[in-house]
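A.B. asks: test case, fold it:
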Amino acid sequence: MTTTTTLDDTAGTLTLRTGVTGRAARMGHRLTIAMSSWRATVDWDGSTPVAARLVVDVDSMRVVSGEGGLTPLSGPEKTLVRANALKTLDAKRFPTVEFEAESITARDDGYLLRGPLTVHGVSRPVEVALDVADDGSAHRLRVRTEVRHSDHKLKQYSMAMGTMKVADVVAVEFDATADHS
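C.D. replies: Just a heads-up that it's a prediction; the model follows:
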């Protein structure tokens, strides 16, 4: 019998971390961005996961902090950064980022998920290592991976005639807790 587990943003966090590149990189902020609305579903055949899907609402992005730069990142600057990111992602046209695991393979410390990641309407195959730790009452789920702007035909935001721009690689961190069922 197949059962489904559903998790959402109340179960954990989905965080993006950007870098800065270019000749004027030290002037830019390395951003921490929280995605505040996401849903994950896992279909189970007994105790074996057979399908998984993650949908992230792009408009839920919130700029948490900016490290580095010449001055601290202010509230109005966070608003501007968010607006620029939504424009880069064309969030009105592509309101979600989606991952669908087409295969799930058990590992010693969790699972290896393989399938398409769709960002900005462009799907690319990815491989994601999901670490699972059991504390007796719940499972702690963790992913640390990277996504490239260039893989999804996204133009990196830049300033100062391109001497400072968001790095191609964005670190993605997922941490959630799933109660035992």
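
A.B. asks: okay but W44 is in contact with T3, surely?
C.D. replies: Yes - W44 lies in contact with T3 (CB atoms under 8 Å); the separation is 4.9 Å. Every C-beta, even on glycine, is put in place using the N, C-alpha and C of the backbone.

A.B. asks: who has more neighbours, those two?
C.D. replies: When neighbours are counted by other CB atoms under 10 Å, W44 and T3 differ, and W44 comes out ahead with 16 against 11.

A.B. asks: now do the same contact list for E100.
C.D. replies: Each residue near E100 by CB atoms under 8 Å, 6 or more residues apart in numbering is listed here: 51-53, 115-116.

A.B. asks: that one bridge partners, please.
C.D. replies: Counting by DSSP bridges, E100 is bridged to R53.

A.B. asks: name the helix or strand of the protein that has the lowest mean pLDDT.
C.D. replies: Scoring the helices and strands of the chain by mean pLDDT, DSSP states H and E places strand 158-159 at the bottom, with a mean of 80.

A.B. asks: and N84, what pLDDT?
C.D. replies: For N84, the model assigns a pLDDT of 93.

A.B. asks: what of the one 5 residues further on?
C.D. replies: The predicted local distance difference test score for L89 is 95.

A.B. asks: next one: it from K155, what distance?
C.D. replies: Distance, L89 to K155, using CB to CB, to the nearest Å: 11 Å.

A.B. asks: those two: which is more packed in?
C.D. replies: For L89 and K155, the more surrounded residue by other CB under 10 Å is L89, and the numbers stand at 21 against 11.

A.B. asks: hang on, the more buried one packs against T118?
C.D. replies: No - counting by CB under 8 Å, L89 sits too far from T118 to count as a contact (11.8 Å).

A.B. asks: quick one: which of the contacts of E100 is nearest D59?
C.D. replies: R53 (19.2 Å; CB to CB).

A.B. asks: number of nearby residues for that closest one?
C.D. replies: Neighbourhood size, R53 [other CB under 10 Å]: 15.

A.B. asks: same check on V128?
C.D. replies: Around V128 there are 19 residues (other CB under 10 Å).

A.B. asks: state the pLDDT value of the closest residue to E127 other than its chain neighbours.
C.D. replies: Leaving aside its sequence neighbours, E127 sits nearest to R114 (CB to CB, 6 or more residues apart in numbering; 5.1 Å). R114 carries a pLDDT score of 98 in this model.

A.B. asks: ditto for H180
C.D. replies: pLDDT for H180: 67.
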